[in-house]
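S.K.: have a look at this prediction, sequence included:
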Amino acid sequence: MAVLEIYSLQTSLGDISKENKQLREKLSAVEKVNNWFDIFNVNVPVSDSRSRNRAYGLPIQEQDEILDKMSKKIQDLKVKCRQQILSFQNSTVVFLLFMNK
């Protein structure tokens with residue numbers, strides 16, 4: 001349901017987001033986090049046709065792409081005045097790397 005809200009928001013704000021790079025980046029970040037959570041919140045092998053809503057490993061390539069995007073997003077997030085990521089970010093990145101292998 002959250003994805004539908006994101007896409008409807010993207011559609012309704014389409015013209016605005018073309019002009020507003022910051023809004024586009026925020027919508028993209030929300031979509032990445034939503035897809036990432038969808039992979040780990042599945043409790044049945046196949047819940048619907050979306051690959052991110054299937055048990056991890058069934059549509060492995062699509063799910064690994066989602067994990068890669070989330071890993072990159074987490075690595076790009078930095079607290080003001082810090083050069084390194086925080087410990088919880090590092091742990092999440094390591095977890096995602098092990099999931100991908």
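M.R.: Structure received. On a predicted model such as this, the values are computed, not experimentally measured, just so you know. Numbers count the residues shown, from 1 in each chain.
S.K.: isn't residue 57 right up against residue 63?
M.R.: Yes: the pair residue 57 / residue 63 is scored as a contact, 7.5 Å apart, by Cβ atoms under 8 Å. In short, each C-beta sits where N, CA and C put it, glycine included.
S.K.: and those two? Which one has more around it.
M.R.: residue 63 (23 against 10; other Cβ atoms under 10 Å).
S.K.: tell me how far the more buried one lies from residue 28.
M.R.: Computed with Cβ to Cβ, to the nearest Å, the distance linking residue 63 and residue 28 is 18 Å.
S.K.: ok, residue 69 next?
M.R.: Taking Cβ to Cβ as the measure, residue 69 and residue 28 are separated by 9 Å.
S.K.: again, but for residue 22
M.R.: Applying Cβ to Cβ, the value for residue 22 to residue 28 is 11 Å.
S.K.: between those two, which one's more packed in?
M.R.: For residue 22 versus residue 28, the count of surrounding residues by other Cβ under 10 Å is larger for residue 28: 15 against 8.
S.K.: quick check: pLDDT value at that one.
M.R.: At residue 28, the model reports a pLDDT of 83.
S.K.: now for the helix or strand containing it, which elements pack on it?
M.R.: Mapping residue 28 onto the secondary structure by DSSP states H and E places it in helix 21-40. Secondary structure elements in contact with helix 21-40, counted by 3 or more Cβ pairs under 8 Å, 6 or more residues apart in numbering; DSSP states H and E, are helix 2-12, helix 14-19, helix 60-76.
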